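> A structural model of the following input is requested.
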Amino acid sequence: MNTRYDVAILGCGEAGIFAGYELMHRNPGLKVVALDQGADIYTRSCPIVAGKVKECIHCKVCGTMCGFGGAGAFSDGKYNFTTAFGGWLTDFMPQDEVMRLIDYVDSINMKHGATDKVFSTDTPEARALEKKALEHDLHLLQARCKHLGTENNLKILQSIYEECRKGVEFRFHTAVTKIENLNGEGYRLITEQGDEIDCTWLIAGPGRSGAEWFSNQCKDLGIQLINNQVDIGVRVELPAKVFEHITDVVYESKLVYRTKQYGDPVRTFCMNPYGHVVAESVEGINTVNGHSYSDPALQSENTNFALLVSNRFTQPFNEPYRYGKHIASLSNMLAGGVLVQRFGDLVSGIRTNEHRLSKSFVRPTLTAAVPGDLSLALPKRQLDDIIEMIYQLDKIAPGTANYDTLLYGAEVKFYSARLALSGELETSLHGFFAVGDGAGITRGLAQAGASGVKAAQVILGRLN
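Just a heads-up that it's a prediction; the model follows:
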């Protein structure tokens, strides 16, 4: 079957959603289709979350990563008002334009139930915390932040979905296997079922789960790729009281440190006060993430956050995505899934086993994690960086380097090799735009949504 649309959106993550939202509202007459290999927001499910299994069973399509809302659907919904982190949109457009887009996406979220409460960093307490961090060569990246909450984030997305479906045709459980250039007549998407979907304009927001596939499609289409970074690290879990004096002041505390041993940047990422550690699957590879609920009844006694070492590659190496997947697969090989180790065992060169873990004062919130030895999975350089960072954090949050602090591995953030894009987020092929995390230009809800709006506005401007 062959059908023709004005605009096709590849991927229903944050970037794709807001691209579709903008198109349908600004030009209701447009024929727009959005495709995703996952399910809609109501039927997305993970067997682990549903309590059917205790560990990942490698579903053909990961319900946690794919479907309406993308990987952000089951996140704790941190929305950061900044260009200092969360993506690289300022490489393509002025900072004030990026901030206008971020505020605009937030206004849409608020129409659909998002909180108006903002955690501000422009307070005496936040400035004092920044000064204390600087005394130990830790740099606190300041940004206003909203915490939507894992449960509220889903409700917001459900409301947006109900509105979007009035003007956008959604095709779920539809995997696209190939993108074809129709040479001046637009583009053709060929699905796994053999259907052909033609469009004049194409917005590709494949998300992190589709990043490697999208890179290969771009190579076949002759679109230039620029090597991007891959972030490799662990998720730290410790008693919430250890970081309480920080998270009560700056909810999403981004602390950056450059290690003395190697000069590598290490940062905290995705801080989840009173949260839960969760497993996720990216193309059959088990990695780890974190959630945090706004409802006190759903909270834990622990705080978790990622420690990530950024690795940027140069020629001739051009497959950072495969490199990250390989490292994550090593921990899967050792543990059959997510691996967990006590910090004290790691620095002592001791493998954590079930007996040692049972003696820990910190109880793991991810009970399916298997005790083991991270030093057999992560490269020495990244592991040295992480250990050095933990000791540094202990200076401003005493207790971080406690023996029973838990480290889950591996946490890997995959980004597609970044495309060479114009200031309008257009590839070298006319009418073909790339947005979101899977295109290697964002890494968070705010900038991902902003990138989708930008691509939609460019198309609307040309149509007008």
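
> check contacts around residue 374.
With Cβ atoms under 8 Å, 6 or more residues apart in numbering as the criterion, the residues that contact residue 374 are 234, 331, 339, 341, 346, 383, 407, 409-410. For every residue, glycine as well, the C-beta is placed using N, CA and C.

> Could you rerun that using 10 Å?
When contacts are counted by Cβ atoms under 10 Å, 6 or more residues apart in numbering, residue 374 touches 234, 330-331, 334-335, 339-341, 343, 345-346, 351-352, 382-383, 386, 407-410.

> so where do the helices sit in the stretch 101-250 of the chain?
Counting by DSSP state H, counting those that start in this stretch, the stretch 101-250 of the chain has helices at residues 124-135, 150-164, 211-221, 240-247.

> for the chain, which helix is longest?
Across the chain, the helix with the greatest residue count (assigned by DSSP state H) is helix 445-463.

> hey, C-alpha coordinates of that one in PDB?
Backbone C-alpha positions of helix 445-463 (Å, rounded to 0.1, in the frame of the first residue of the first chain) are rendered in PDB as follows:
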ATOM      1  CA  LEU A 445      13.100  16.700  27.400                       C
ATOM      2  CA  ALA A 446      13.400  20.500  27.000                       C
ATOM      3  CA  GLN A 447      15.800  20.800  24.100                       C
ATOM      4  CA  ALA A 448      14.300  17.700  22.400                       C
ATOM      5  CA  GLY A 449      10.800  19.200  22.400                       C
ATOM      6  CA  ALA A 450      12.300  22.600  21.200                       C
ATOM      7  CA  SER A 451      14.100  20.900  18.300                       C
ATOM      8  CA  GLY A 452      10.800  19.400  17.100                       C
ATOM      9  CA  VAL A 453       9.000  22.700  17.200                       C
ATOM     10  CA  LYS A 454      11.800  24.400  15.300                       C
ATOM     11  CA  ALA A 455      11.700  21.900  12.400                       C
ATOM     12  CA  ALA A 456       7.900  22.300  12.300                       C
ATOM     13  CA  GLN A 457       8.100  26.100  12.200                       C
ATOM     14  CA  VAL A 458      10.600  26.000   9.400                       C
ATOM     15  CA  ILE A 459       8.300  23.800   7.300                       C
ATOM     16  CA  LEU A 460       5.300  26.000   8.100                       C
ATOM     17  CA  GLY A 461       7.300  29.100   7.200                       C
ATOM     18  CA  ARG A 462       8.200  27.700   3.800                       C
ATOM     19  CA  LEU A 463       4.600  26.600   3.100                       C
END
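
> now the angle between helix 150-164 and that helix, please.
Inter-element angle recorded for helix 445-463 and helix 150-164: 10 degrees (by axes from the mean of the first three to the mean of the last three Cα atoms, to 10 degrees).

> quick one: average confidence on helix 445-463?
Model confidence over helix 445-463, given as mean pLDDT, is 97.
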